[in-house]
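A.B. asks: predicted structure and sequence below. I'll ask about it afterward.
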Amino acid sequence: MTEWNDDEPGPLVRPYVHTGGRTDVTSDDLDVSALLQATPRDFAPEGSLSATTVRELCSKPVSLAEIAAVLESPISVARVLVCDLVERGVLRVTAPRTDRPDVSFMERLRNDVRNL
């Protein structure tokens, strides 16, 4: 359980406060497994501690789901914050891996395991 700290409200701050009350995003194609990485562009946080945290997390590729977990916020809140940073050019989106193993290889592997 999180301890009370007057300096940092933490979980007492409602999620919509982090997004300025917004719930909609301009990009619907931001998947929870999409990888995000910070760009070398200068960053002025504009008063948002969450935006600063997201920028720091994205120093290496990190997924939207991981960002939401670190912020202890719903995916929708993380998505709004991330989309704002992508629009400002602070973050870039890298599509998740879509390559999948060959089906025939998987069938051969399954058959070989059965034959053991």
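C.D. replies: Alright, I've got the coordinates. Numbers count the residues shown, from 1 in each chain.

A.B. asks: residues in contact with residue 32?
C.D. replies: 63, 64, 65, 68, 75 (C-beta atoms under 8 Å, 6 or more residues apart in numbering). (C-beta placed from N, C-alpha, C; glycine too.)

A.B. asks: for it, which non-adjacent residue is spatially closest?
C.D. replies: The shortest distance from residue 32 to any non-neighbouring residue, by C-beta to C-beta, 6 or more residues apart in numbering, is to residue 65 (4.5 Å).

A.B. asks: what's the burial count for residue 55?
C.D. replies: Residues lying near residue 55 (other C-beta atoms under 10 Å) number 19.

A.B. asks: correction: the previous question concerned residue 116.
C.D. replies: Neighbours around residue 116, by other C-beta under 10 Å: 4.

A.B. asks: quick check: it vs residue 110, distance?
C.D. replies: To residue 110, residue 116 is 11 Å away according to C-beta to C-beta, to the nearest Å.

A.B. asks: need the overlap of contacts for those two.
C.D. replies: In contact with both residue 116 and residue 110: no residue, using C-beta under 8 Å, 6+ apart.

A.B. asks: okay, buried residues for stretch 36-50 please.
C.D. replies: Across stretch 36-50, burial judged by 16 or more other C-beta atoms under 10 Å covers 36, 38, 43, 48, 50.

A.B. asks: confidence score at residue 25?
C.D. replies: Residue 25 is assigned a pLDDT of 63 by the prediction.

A.B. asks: re earlier: looking at the buried residues of stretch 36-50, which are in helices?
C.D. replies: residue 50 (DSSP state H).

A.B. asks: tabulate the buried residues of stretch 36-50 (JSON lines), appending pLDDT and distance to residue 30.
C.D. replies: Output for those, formatted as JSON lines (pLDDT from 0 to 100; distance: C-beta to C-beta, whole Å):
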{"residue": "36", "pLDDT": "92", "distance to residue 30": "9"}
{"residue": "38", "pLDDT": "91", "distance to residue 30": "16"}
{"residue": "43", "pLDDT": "71", "distance to residue 30": "19"}
{"residue": "48", "pLDDT": "67", "distance to residue 30": "18"}
{"residue": "50", "pLDDT": "78", "distance to residue 30": "16"}
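
A.B. asks: before I go, just wanted to say thanks for your time.
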